[in-house]
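Peer 1: pasting the sequence and the predicted coordinates here, then a few questions.
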Amino acid sequence: MLKIHQIFIIKFLLLFAGALLASSIISYIVLKDIVIEYSKEHLESVINVIELNIESQKDIDKYVGEVKSKNALRVTIINSDGEIIAESDTDKSGMDNHGNRYEVMQANNNEFGYIIRYSNTLKVDHLFVAKKIIMGGTHIYVRLAIPLDRVMSNFYELWSKLLLVFSVIILIAFLVSKSISRRIVHDVEQLTIFLDNISNKNYTYPMQIRYFYEFLHISQLLKNLVKRLKNREKQKRKYTAKLRLMNKQRNDILSALSHEFKNPLASVLGYAQTLKDDLELSGAIRERFLGRIITNSEKMTKMLDRLALSVKLENNDLEIKPTQFHLEQLAQEVITTLAPKYREQSILLEAQEVILNADKTMIELVLNNLIDNALKYSQVDVKVVIDSKRVCVIDRGVGIQEEHLEKVTSKFYRVKKNTWDNSMGLGLAMVSYVLKMHGSELEIESEYGKGSTFSFSIETMRKK
């Protein structure tokens, strides 16, 4: 089995060599393309010079030879029928028609035509560049060629130098990795000795780390190991207490559901049993009993709907659908809906004209829950105040004791004396979820025995 420093050296060198190989291949391809592209540009420049001078030349064959001697390039002049009218490197009479050569055909459609091809005449790969020009009122083609081996010779010379540099770099990397490896071995040995002392409960052994901070950090973590083991037992006790709390909350949920469903379910069963046993009941009584069955069934349905809605809100399964609406009008609609339920109480509305850009249905749920709770636990009038910044619902009811203030918005939490939200503890939890989705939060001020104020900011929901 390899040791850590050996693995380090091997992987370091493999990674470095791989990176160099990849960069070598990429640079090879890039440099080769650059060299060929440079050669193309050089041939294009020479062709452009020929185009400027060729009209003034009386002897084309002589001119082609001069260009050849000055630039060391093969020069071919081709007429519009593809016949060779001048050639610098071979006897033009023995050459076949060049009208179907790729570079010549490409020059008909583009400014220049290019190709790298094996020359049957000169028996070597050439880079060909051709251009169609006008001479004496007719179209001709000027084609230059350069042997590819000559183009690439400079490239290979440059590449050999790069390979030498890469080799030197790999050698230096190997020496550096050896040095780093020796330092790793030293610190690992020190760490091993330290671990041995810890196993013998010698926690004061000095760690002689010289090179790597990481190993020193490991030793400090090991010193804290015993402390963490002691803390783990404490965490275990806390976790057990948390499980007990979760079990208690589950029992509270079942108790709330059982309590709330007991009366309406008993009514439904009682009325249904009566209708079944007494077939001689008058039509009016039967209608009244059926109405009560429907009413209690709807009550249970609404409880289940509220429970499902609270779960969706808590899990962020509902999306806000903002619309623009007048908040004071919505508050008046909620008050009008609740008024028949609390005929002996009044709801006072003091509202400025405020336009919100929010989910109207959700804000209606918030107002309905807050006003309904205020009426439920107050024997006197309830006041709703709306200004440009906040909404406040004020009651003079029994109030909430201080120890319950931070908990009444928790799901299924119930104050025993108040039994908030029909004993299910969902209303204020849903209010908190909805306001949080709108960038606000529920604030509660209460004095036990004197009343409460439930309020929230609407600045984030105001029409922009």
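Peer 2: Received the coordinates, thanks.

Peer 1: pLDDT of stretch 279-295, averaged?
Peer 2: In this model, stretch 279-295 has an average pLDDT of 80.

Peer 1: buried residues, it. List them.
Peer 2: Applying a neighbour-count criterion of 16 or more other C-beta atoms under 10 Å, one finds 289, 293 buried in stretch 279-295. C-betas here are computed from N, CA, C, even on glycine.

Peer 1: contact partners for I218?
Peer 2: By C-beta atoms under 8 Å, 6 or more residues apart in numbering, I218 lies in contact with L191.

Peer 1: that one belongs to a helix?
Peer 2: Yes. According to DSSP: H, G, I helix; E, B strand; the rest coil, the state of I218 is that of a helix.

Peer 1: check the gap between it and L330 for me.
Peer 2: Here the criterion is C-beta to C-beta, to the nearest Å. By it, I218 lies 62 Å from L330.

Peer 1: what does V380 give?
Peer 2: Counting by C-beta to C-beta, the gap between V380 and L330 amounts to 24 Å.

Peer 1: looking at the two, which is more packed in?
Peer 2: L330 (20 against 12; other C-beta atoms under 10 Å).

Peer 1: please report phi then psi for T90.
Peer 2: For T90, the backbone dihedrals (degrees, to the nearest 10) come out as phi -150, psi 170.

Peer 1: now do the strands in the stretch 351-464 of the chain.
Peer 2: 355-358, 382-386, 390-395, 442-447, 451-457 (DSSP state E, counting those that start in this stretch).

Peer 1: now do the second one: everything it contacts.
Peer 2: Read it as strand 382-386. Residues outside strand 382-386 that contact it (C-beta under 8 Å, 6+ apart): 327-328, 331, 335, 345-352, 354, 367, 371, 374-375, 391-395.

Peer 1: export stretch 455-464 as CSV, just CAs?
Peer 2: Output in CSV follows, covering the C-alpha atoms of stretch 455-464 (Å, rounded to 0.1, in the frame of the first residue of the first chain):
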residue,chain,number,x,y,z
SER,A,455,-51.0,44.7,14.1
PHE,A,456,-48.9,44.4,11.0
SER,A,457,-47.1,46.7,8.6
ILE,A,458,-48.4,47.2,5.0
GLU,A,459,-45.5,49.3,3.7
THR,A,460,-44.1,46.4,1.6
MET,A,461,-47.6,45.8,0.1
ARG,A,462,-48.4,49.4,-0.8
LYS,A,463,-49.1,50.2,-4.5
LYS,A,464,-45.8,51.4,-6.0
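
Peer 1: give me the mean pLDDT for that stretch.
Peer 2: For stretch 455-464, mean pLDDT rounds to 83.

Peer 1: now do the end-to-end distance for stretch 94-108.
Peer 2: Taking C-alpha to C-alpha, to the nearest Å, the first and last residues of stretch 94-108 lie 25 Å apart.

Peer 1: please disregard the earlier target; I meant stretch 43-61.
Peer 2: The straight-line separation of the ends of stretch 43-61 (C-alpha to C-alpha) is 19 Å.

Peer 1: so what touches it?
Peer 2: For stretch 43-61, using C-beta under 8 Å, 6+ apart, the contacting residues are 63, 67, 71, 73, 75, 77, 85-86, 112, 127, 129, 131, 133, 135-136, 142, 144, 146.

Peer 1: let's see 10 Å
Peer 2: 63-67, 70-71, 73, 75, 77, 85-88, 92, 107, 111-112, 114, 127-136, 140-146 (C-beta atoms under 10 Å, 6 or more residues apart in numbering).

Peer 1: can you check stretch 282-289 too?
Peer 2: If you take C-beta under 10 Å, 6+ apart as the criterion, stretch 282-289 is touched by 267, 270-272, 274-275, 278-279, 281.

Peer 1: if we go to 7 Å?
Peer 2: Contacts of stretch 282-289 with the rest of the structure, by C-beta atoms under 7 Å, 6 or more residues apart in numbering, involve 271, 274-275.

Peer 1: ditto for stretch 349-367
Peer 2: With C-beta under 7 Å, 6+ apart as the contact definition, stretch 349-367 has outside contacts at 320-328, 330-332, 334-335, 383-388, 430-431, 434-435, 438, 458, 461-464.

Peer 1: with stretch 119-132 instead?
Peer 2: Residues from elsewhere that reach stretch 119-132 (C-beta under 7 Å, 6+ apart): 36, 39-40, 43-44, 47, 89-90, 95, 103-104, 107-108, 111-118, 139, 141-149, 151.

Peer 1: list the contacts of K389.
Peer 2: For K389, the contacting residues are 457-459, by C-beta under 7 Å, 6+ apart.

Peer 1: select only the buried ones of those residues in PyMOL?
Peer 2: Entered in PyMOL, the line below selects the buried ones among the contacts of K389, by 16+ other C-beta under 10 Å:
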select buried, resi 457+458
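
Peer 1: does M300 touch A266 like I think?
Peer 2: No. Proximity of M300 to A266 does not meet the contact threshold set by C-beta atoms under 7 Å, at 11.4 Å.

Peer 1: between those two, which has more neighbouring residues?
Peer 2: Set side by side, M300 and A266 show more neighbours around M300, with 14 against 11, by other C-beta under 10 Å.

Peer 1: and the pLDDT for that one?
Peer 2: 70.

Peer 1: with N154 instead?
Peer 2: 64.

Peer 1: cool, and V151?
Peer 2: In this prediction, V151 has a pLDDT value of 59.

Peer 1: now L127, what's its secondary structure?
Peer 2: Under three-state DSSP, L127 comes out as strand.

Peer 1: hey, what's it bridged with?
Peer 2: L127 has the following beta-bridge partners by DSSP bridges: I116, I146.

Peer 1: all helices of the stretch 201-350 of the chain, in order?
Peer 2: Taking DSSP state H, counting those that start in this stretch as the criterion, the stretch 201-350 of the chain contains helices spanning 213-223, 225-277, 283-314, 327-338.

Peer 1: what ranges does the stretch 51-200 of the chain have for its helices?
Peer 2: Applying DSSP H, counting those that start in this stretch to the stretch 51-200 of the chain gives helices spanning 60-71, 102-109, 148-199.

Peer 1: of all these, which one is nearest S24?
Peer 2: Nearest to S24, of all the helices of the stretch 51-200 of the chain, is helix 148-199, at 6.3 Å by C-beta to C-beta.

Peer 1: and L21, how many residues sit next to it?
Peer 2: The burial metric for L21, expressed as a neighbour count using other C-beta under 10 Å, is 11.

Peer 1: does it sit in a helix or strand, and which one?
Peer 2: Assigning secondary structure by DSSP states H and E places L21 in helix 4-53.

Peer 1: just the buried positions in stretch 35-55, please.
Peer 2: By neighbour count with 16+ other C-beta under 10 Å, stretch 35-55 contains the buried residues 35-36, 39-40, 42-44, 46-47, 50-51, 54.

Peer 1: noted, bye for now.
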